[in-house]
Each structure stands twice: as structure tokens, then as C-alpha cells.
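**Q** For reference, the sequence and a predicted model appear below.
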Amino acid sequence: MRIRRVPSPPRMARFHIPAPALPSPRLRGRGWRSWRGPRTWAGVDRRPPSVRRGRSRPATAATTSVGAQPGTHTEPLGSSADPGPYPRSSPCTMDWQPDEQGLQQVLQLLKDSQSPNTATQRIVQDKLKQLNQFPDFNNYLIFVLTRLKSEDEPTRSLSGLILKNNVKAHYQSFPPPVADFIKQECLNNIGDASSLIRATIGILITTIASKGELQMWPELLPQLCNLLNSEDYNTCEGAFGALQKICEDSSELLDSDALNRPLNIMIPKFLQFFKHCSPKIRSHAIACVNQFIMDRAQALMDNIDTFIEHLFALAVDDDPEVRKNVCRALVMLLEVRIDRLIPHMHSIIQYMLQRTQDHDENVALEACEFWLTLAEQPICKEVLASHLVQLIPILVNGMKYSEIDIILLKGDVEEDEAVPDSEQDIKPRFHKSRTVTLPHEAERPDGSEDAEDDDDDDALSDWNLRKCSAAALDVLANVFREELLPHLLPLLKGLLFHPEWVVKESGILVLGAIAEGCMQGMVPYLPELIPHLIQCLSDKKALVRSIACWTLSRYAHWVVSQPPDMHLKPLMTELLKRILDGNKRVQEAACSAFATLEEEACTELVPYLSYILDTLVFAFGKYQHKNLLILYDAIGTLADSVGHHLNQPEYIQKLMPPLIQKWNELKDEDKDLFPLLECLSSVATALQSGFLPYCEPVYQRCVTLVQKTLAQAMMYTQHPEQYEAPDKDFMIVALDLLSGLAEGLGGHVEQLVARSNIMTLLFQCMQDSMPEVRQSSFALLGDLTKACFIHVKPCIAEFMPILGTNLNPEFISVCNNATWAIGEICMQMGAEMQPYVQMVLNNLVEIINRPNTPKTLLENTGRLTSPSAIPAITIGRLGYVCPQEVAPMLQQFIRPWCTSLRNIRDNEEKDSAFRGICMMIGVNPGGVVQDFIFFCDAVASWVSPKDDLRDMFYKILHGFKDQVGEENWQQFSEQFPPLLKERLAAFYGV
């Protein structure tokens, strides 16, 4: 088998589809990535909680597009150059006063901007853009916010938010008197009687501060800290609100020498307010300090014991916001200062058990995060084992839908397939470039993760107690494995067969949550459970049907391991029915689950291809926008899984017309092209020559997309103020589809390449600043090298230096693809590769010797290949075509080379690499002597080498044996493991 250039994981994660309030049905591997928001598998996101969860700030629809760049006008609002009838105001000074007529018209404009009428909104936006040409317009806005207390609060707040947008867009262009007036007004009115106005002023202050003004506004922090001492509650609360936002937005700066480390004063100050009589103030104080936990700010570390002591004192506070912030603090401390919590761990666990059941769901959610974080700590098993009997029922109980969940999910709506999707249903999605990987024969290691887990599918607001409880159960199952089941199985049986659908649904979710961690312990129960789950696919409740799809996908690996008629065929049949379900959520879940099943079953599905394609093609006419994107994924995954078996006239006639119809309907700038191009890339690779009738228009459009994007990027680089930066995903997906065409069509692509400027475009793409563009470029280069080297060869002198500079394992996928492309070029260039060997060899040797080279995830098999297998094959190929140049370095790479390739199954790439190593040993036999046992082991990894390669192995092994003598060989071979000794004796007679 050749080196595969596999598309990035084509799962739901690639489309960024908003998941329901249950798990995204298509989450492979540990699968909770989409549940957890921006949480990493290794631990909690290092950003502060405000960033992780989003901060709620006042906003209105009218504020989003305000803030045009200021013009060159300097006349105040109301001058003769004013586009509207606004009278002239007095000059911009610290005692600035508005012109009354101008003020009234600004107020009218603010009121109009709150109109729901689209035409009115458009007029308002045009007027606001005009007014932004006049510097003192911003004085009017701050005046309305801070002084016009007779106006209603929404209008005043809107004025402040428009000003905030102006500050964000072009604060540097504000005349100093205007900027000073705004800052003075903010500080003078931070204690406004209205909480909405205080919050708006706080947002304005932190926006100004974030524009680099913390250094230029030296009185800000001292003045806000002094205002905390005010006996007026509004002033204290307003100052604290502003400080909290500054801490959120500028945490690193506050702990830097640039500001003389104000945290040294601020942290002790905040800690004093933990005991304040107002719960709002207490909550602000904790929230401020919490911003500095993850970064281990020194000022906080110096006061860590006082902080923890104060947190414990507030543990049973009556105010839910205070309890929430206490829980949040303890979760973060568990990650960064667990040493300080260990002496109190039993009490903390008991406290978190209570809080996970808090009547306030926000508190319960924060507490539930504790179990996720604890599961990632080495002490988890030791400290939590005795508490599982309490914890497991709490988590399971938290996995039921709440009444609000059911209302929001329209849980009582069973058929909605005819309802068009709203635009907010379709989240932005981002393409991942192709990555070169190698086939590998080892079994899947425990805990292997899917590459797609790097993507977030859910909006942060979708992260709720149900999802967090399920994610916690998942990670704890991976920690405790079968030890979890005695606490869970008694509950599970009652849940799965419960008459109430909400309870039964939560039981199915529990079963899916433990699938990975408890798989071995669950195997005895699966023959009974899988048929029950398949039966649940026909449940009358859509939410039960959808979660059953997801849970079944988590057990797909086991299903496929059984005789096909036992579970695979019934599951496939029912999932295909659910793909055509009348409920959109079920369609989504079924489509995603079926894609997982496709990956696991691979060619087991070949006998059913006609039935599968009939269903998927029928869904084209049935699906709304969002699910159509997931359907592309299911089709692309099917093509990846069954490969050339799809290349039958009957199947092509079914599949291609609807795909080409969609292709023709979409415009070049439509982002729905992303999943369609990815799908077509897989289909083109699978169909091979069967794609020929469709290839020319597809090829030309891809070249056009690349060309357009490069042109837009150049215009943006030259004139950033006039042009927007292009979305390079268009170029990446186009490059990947071109790769699919080259791989699938082989030599047939030559004429298409000859009639295009793709090599010129590829030269530019290979030098792009975006790693993903380079990654896809090198994949395409490798495929074109194999398919039509006649067009690549004239460019080699220009391409090789670029490839050499991209042999940087910090960008592992770029490095992999560049390395693979070099190997393919070697095989075409032969001895003509000699001038370029030194350009790349040292980097390749360095990469193969790196102890921590990241692993390459094999999407097509779900297995991990050796991290240095691709560099090893390329080094072998370099040695094959230029042995004299490479052999002198043999001793520097022979050991990692052998260990890298011992697990790669027999294929052409391995063949060429081993021929190269044999030739290098012929040139420099001394280079292998110290590590000869590793060479023996690598040779023994071959199942059936070609006869001439077997002869090369035979000569090297017997030559070594003859050189050292029979007695020394016997001593040497005593080191061999028994299996190695047997294989060498059987195959090579040594």
C-alpha cells in the first residue's frame, strides 16, 4: 500500500454544526470535545473563565456596524460641512457642552436605531457613519451616557455602546481633548444610580484601556481602587465592575513591569472585599482574583493561603453568584495549585458533591467542572475512589433533560423536516488541510484520540449541566475503567427500560458516555443492549431516537467485530431509515452515526452499497441546509471507506448527478463549497477513472478558486485599508480537491495540468504564510509528482529550497507533507536528486532523532503511526537514489530509522526505503554495526518482501555473520527475542 495522503477528519467537527443540548451525535473517540466548549483533552483551557464561557455585556443590534473610519474633517458637529442640519457646538474642551439642537437630533437618531424596521436601521447606520467624520460627535455620545439622566436607560446605554464601537475602531484618531473628556466623564460617573449605565461605563473604560491606554491613563487604576472605599454602594459597585472587566481583558499587562505590577496592590485590596456585606461586591472581588489563577500571577501566589482561606469562608454563602465564583476558583486551583488543596481534598470533594446538586444550575455547572478537572490529575483515583458511590448517581441525575431544555429543543415537535433552517443554525466551519500519513498494523492504543477533537462544535452558551455531567462521566470512566460499573450498572438497567422517555433518554446517554472507558466491562452486556438500542431508533420521541444514534456510534467498533448478520446489518438498516427521519435532529444524529459506522465497517459495506447510495441520494431532496452539510460528510466518508469499490457505473450514475447539481448551484464565494469540495475530493479519489467525465469543470473551478484567493491576498497585503483579507479556506479546499483528482485520476490528470497555470499557483501557495495552505500545497505537489512528473520536473530547482525550509516539526502536518513530497520527488528524479540531498538530509535526520516528535493520527484506520515513519521512508528513498551522499550519515539515523519502519505493513514505500537502506549499508557497512540488532528486527517485520529485496537482506545478514564468525554470531543472536530469532532462522537461515 502506498503512503496515503488522507483528508482531514471529515466529521461534524469540520462543519462546526451547532450541536443540540445533547451530545453532538457524531463525536468519535472520546467524543465529548463538542460538549466542553474550548476545553482541551489534556486539561482545561488556559484562558480565564470569562473568555471560556463568554461574558455577557449589554448590546443591541444597532451597535454592531457603527464605527466608520474618521475622515479628514475637523469641523465640530453642526458646522457648514455637516451633512445634516446639526447646529454647531462649542469647542472640544473639558467643560464641553452640546448644542441643544444637535443633541436632540442625536437623541432622535439613537431612538430610531432601536427600531425593528430594516429600512430605518439602514438610514440610521448611514447617518452614524456620516457623523463619525466629526470628532465631537463622540462628545455627544458620552454626554448622553453620563449626564442626560432624564433619558431612558436603554437610550443612554446604546449611546455608550456606539461610543465603545467608535473607540474600538479608531480611538487613536480621537483628538486629545475628546479622549480626555470621555475618560473624565467615565470616572466621574462610574457610580451612576443605574446598574445598566454603570455596566456600560465599565465596558467603555476597559475598551479604552485595551487600546493601549492603561499606560497612557496612569490615574485609572489608582482612582478605581480608591473608589472601592466609597461608602456609596453604587460607586463601589461601579468601580468594581470596571476593575473586573479590566482584569478580564488585561490580566497579563496587570502583572507586568510595564505598569510596575499594580497587582501587588490590587490583589490584597480585592481580598479585603471577600467579607463585604454586599453579595454583589463579594462576587466582584472573587471574580477579579480568579482572573489571575491560571497564569499563576506572583501577587496571587504570594497571597495564596489567604485566598484559599477566604474561599473556604464563603463556601456556604447565601448568594448563588458568590458560590459560583467560589466553585470556579477551586476548579482552577485544582489545576494550578493542587498542592495547596490536597490537605483539604476530602472536605472539598464533599463540598463539590453538594454544589453539583445546587438548586442554582449555574452553580451546579461550575461545581461539575471540578470532576472534569480532577479526572485529569494523577491523584484522581486515590482521592475519589471512596466517593464514587455518591458521585455517580449525582452525575447520572444531572444527565436528564431539564424542562427548559425540552422547551428550547422543541422536544415535543416530532416532524420539522419541512421547516427551513435559520441562518444562526449554520455555524461557521473551517476546513482542515490534508495530511500525509502512513498505514500501520499495530492495534489501536488505549486512549487514542481523534484529530477532530481539536474542534469546537457547540456555542459556549450550549455548555450546560447535562453535557458537563456526561463529559465528567466519560473522563471518569477512562480513569476508573471497569471499577466504575458496580456503581453504575444497577442504575443503568432502571434507566434504560424506564417508562418515562426523559429518564430512558438519559440512560442511553449514560451508556454512550461510558462506551470508551468501560468497553471491556460492557462487552458481556452488549449482545442484549445493542438490540435494545437499535429498537430505540424507532422510539416515538425524536430526542430518544437521536441519542440512540449517537450511543450506537460509540459501540460501532464492537458491532463491526461481530458476524455481520448479527448486529451490523440490523443497525445499518435502521440507521438508514433514521437518515430519512421526519425530524431534523434525528437526521443529523443518524447521518453522523452512519459516517462513524462507515469508518469502522469499511469494505464490509460493499454488499450494501446500492441500498446505502439510494438512501443518501434520496436525502439530497429531503434535507434542509444544515443537514445537507453533514450528508456531504457521510458520502465522503463512504468513499474513503469503500474506496475503488465505488467505481461501478451503477453507483456513479446514482451518486454523481446530485453532487454535480449542488456543485453547479453554489457560487465561488459560498462557504457551503467547503464540505462539498471535501466530499468530492474523497469521491474523486475513490472513483479513480470513473470520475473522468466530471473532472474538467471541477478541475478548472478549483484552479480559479486558488487564483482568486491568491489575487485577493495580494491586494490585501498591498492595500490593507482598502481590501479585506481573503478567506483562505477556499484555496485550501480547492488544493485538496485537486489532490484528490490527481490521486484518483493518476496519469489522466496530465492534460488538465498542461492546460492550466497550476504549477505557478502552487509555487505561490507553497510560500504562503498560513501553515494550512502550505500543508495542502505539499500534498498536491506529492500527488502531481506521482501523476504527471513531466510538469513538476521543470520546477524542482525552485521547489526544493521551499520544501527544505518547511522541514520544521513545530508545524507537524506541514512538515509531514513536505517530507512525503520530497520522497515522491526522489523516486522520480533518481540520481538527478544529488544536488538537493544536502538541502534536506540534515533536517530529516534531526527530525527522525527528535524524542518528542508529535504523532501523526491516521484518520483512515484510527491508529497511530510512528512519529518518524514518513521522514524514515524519505531518508531511505534519498539513500536509494543517492547512496553515496546519504550513507556517510548512516550511523546517525539507523536506530530510529529501523524502529520507525518495523510497524509499517509491507507496501511500495516500505520497499523503496529498505532498498535504500541496503544500498547505504553496502556503501558504509560500519554505520550499521553498533545497531545491527535493530536492523535485524526491521528486516523481520517483512511478511513477504520481493525476491530481489529478500536477497539483499540475505546477503547483509550472512555477510555480517561471516564477518564476526559463528561463535560471536551465536552470542549476538542470544540477545534476540524468541520470535525474532525464529523469523530470521526461518526466512534467512541465520
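**A** Okay, I see it.
**Q** Okay, now the unreliable bits of the chain?
**A** Applying pLDDT under 70 to the chain flags residues 1-94, 213, 411-414, 416, 418, 421-461, 852-868.
**Q** what domains does the record give for it?
**A** As given by the TED database, the domain ranges for the chain are 252-342, 877-988.
**Q** wait, which of these is closest to V814?
**A** In terms of Cβ to Cβ, the element of the domains of the chain nearest to V814 is domain 877-988, at 19.3 Å. Any C-beta I mention is one placed from the backbone N, CA and C, and that applies to glycine too.
**Q** gap between the two ends of that closest one?
**A** Distance across domain 877-988, first residue to last, is 24 Å (Cα to Cα, to the nearest Å).
**Q** Pull the distance from it to the chain's centre.
**A** 41 Å (Cα atoms, centre = their mean, to the nearest Å).
**Q** What are the boundaries of the strands in this protein?
**A** 4-6, 435-437, 856-857, 864-865 (DSSP state E).
**Q** possible to save the domains of the chain as JSON lines with distance to L638 and mean neighbour count?
**A** Converted to JSON lines, the domains of the chain look like this (distance: least, Cβ to Cβ, whole Å; neighbours: other Cβ atoms under 10 Å):
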{"stretch": "domain 252-342", "distance to L638": "41", "mean neighbour count": "19"}
{"stretch": "domain 877-988", "distance to L638": "24", "mean neighbour count": "18"}
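**Q** Output those domains as JSON lines; include the columns distance to S553.
**A** Output for those, formatted as JSON lines (distance: least, Cβ to Cβ, whole Å):
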{"stretch": "domain 252-342", "distance to S553": "30"}
{"stretch": "domain 877-988", "distance to S553": "27"}
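**Q** nearest to A199, of those domains?
**A** Once the domains of the chain are compared by Cβ to Cβ, domain 252-342 is nearest, at 11.6 Å.
**Q** how distant is the closest one from the center of its chain?
**A** Distance, stretch centre to chain centre, for domain 252-342: 30 Å (Cα atoms, centre = their mean).
**Q** what does stretch 573-580 give?
**A** 29 Å.
**Q** ok, now stretch 725-737?
**A** How far stretch 725-737 lies from its chain's middle: 18 Å, per Cα atoms, centre = their mean.
**Q** With stretch 372-381 instead?
**A** 23 Å.
**Q** Tell me the buried residues in it?
**A** Within stretch 372-381, the residues scored as buried using 16 or more other Cβ atoms under 10 Å are 372-377, 380.
**Q** Not counting its neighbours along the chain, what's nearest G582?
**A** Nearest residue to G582, sequence neighbours excluded (Cβ to Cβ, 6 or more residues apart in numbering): E415, at 3.8 Å.
**Q** what does N817 give?
**A** Spatial nearest neighbour of N817, chain neighbours left out: F778 (3.7 Å); criterion: Cβ to Cβ, 6+ apart.
**Q** what distance separates the start and the end of stretch 168-187?
**A** 19 Å.
**Q** returning to that earlier point: tell me the one among the buried residues of stretch 372-381 nearest to D911.
**A** Nearest to D911 among these, with distances taken as Cβ to Cβ, is E376, at 43.0 Å.
**Q** where does that closest one sit relative to H487, distance-wise?
**A** Taking Cβ to Cβ, to the nearest Å as the measure, E376 falls 20 Å from H487.
**Q** taking the buried residues of stretch 372-381 one by one, which sit in helices?
**A** Per DSSP state H, helices hold the following members of the buried residues of stretch 372-381: 372-375, 380.
**Q** one step back: how about TSV for the buried residues of stretch 372-381, with distance to L221 added?
**A** Below are these laid out as TSV (distance: Cβ to Cβ, whole Å):
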residue	distance to L221
L372	35
T373	32
L374	36
A375	39
E376	35
Q377	35
C380	40
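**Q** nearest to N290, of these?
**A** Taking these together and measuring to N290 by Cβ to Cβ, the closest member is T373, at 14.2 Å.
**Q** Show me how far the longest helix seen in the chain is from its chain's centre.
**A** Scanning the chain for the longest helix, with DSSP H as the assignment, gives helix 692-718. Relative to its chain's centre, helix 692-718 lies at 26 Å (Cα atoms, centre = their mean).
**Q** roughly how far apart are E500 and H359?
**A** 22 Å.
**Q** Compare those two (neighbour count), which wins?
**A** E500 (10 against 7; other Cβ atoms under 10 Å).
**Q** Any idea how many residues pack against E219?
**A** 10.
**Q** what sits against the residue nearest to it when sequence neighbours are not counted?
**A** If the residues on either side of it in the chain are set aside, E219 comes closest to L187, at 7.9 Å by Cβ to Cβ, 6+ apart. By Cβ atoms under 8 Å, 6 or more residues apart in numbering, the contact set of L187 is 205, 219-220, 223-224.
**Q** number of nearby residues for L762?
**A** Under the criterion other Cβ under 10 Å, the count of neighbours that L762 has is 21.
**Q** tell me the contacts of it?
**A** 777, 780-781, 784.
**Q** With neighbour count and distance to I917 as extra columns, can I get the residues you listed in a markdown table?
**A** Formatted as a markdown table, the contacts of L762 follow (neighbours: other Cβ atoms under 10 Å; distance: Cβ to Cβ, whole Å):
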| residue | neighbour count | distance to I917 |
| --- | --- | --- |
| S777 | 33 | 29 |
| L780 | 31 | 29 |
| L781 | 30 | 25 |
| L784 | 27 | 27 |
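**Q** so E743 makes contact with L784?
**A** No - applying Cβ atoms under 8 Å, one finds E743 not in contact with L784, separated by 9.7 Å.
**Q** before we move on, back to that, ok, of the buried residues of stretch 372-381, which one's closest to L476?
**A** For the buried residues of stretch 372-381, the nearest to L476 is A375 (5.3 Å; Cβ to Cβ).
**Q** dump the residue contacts of the closest one.
**A** The contact partners of A375, by Cβ under 8 Å, 6+ apart, come to 472, 475-476, 478-479.
**Q** Now which of these would you call buried?
**A** Of the contacts of A375, these count as buried by 16+ other Cβ under 10 Å: 472, 475-476, 478-479.
**Q** Export those residues as JSON lines, with columns for distance to L655.
**A** Output for those, formatted as JSON lines (distance: Cβ to Cβ, whole Å):
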{"residue": "A472", "distance to L655": "42"}
{"residue": "V475", "distance to L655": "40"}
{"residue": "L476", "distance to L655": "43"}
{"residue": "N478", "distance to L655": "39"}
{"residue": "V479", "distance to L655": "44"}
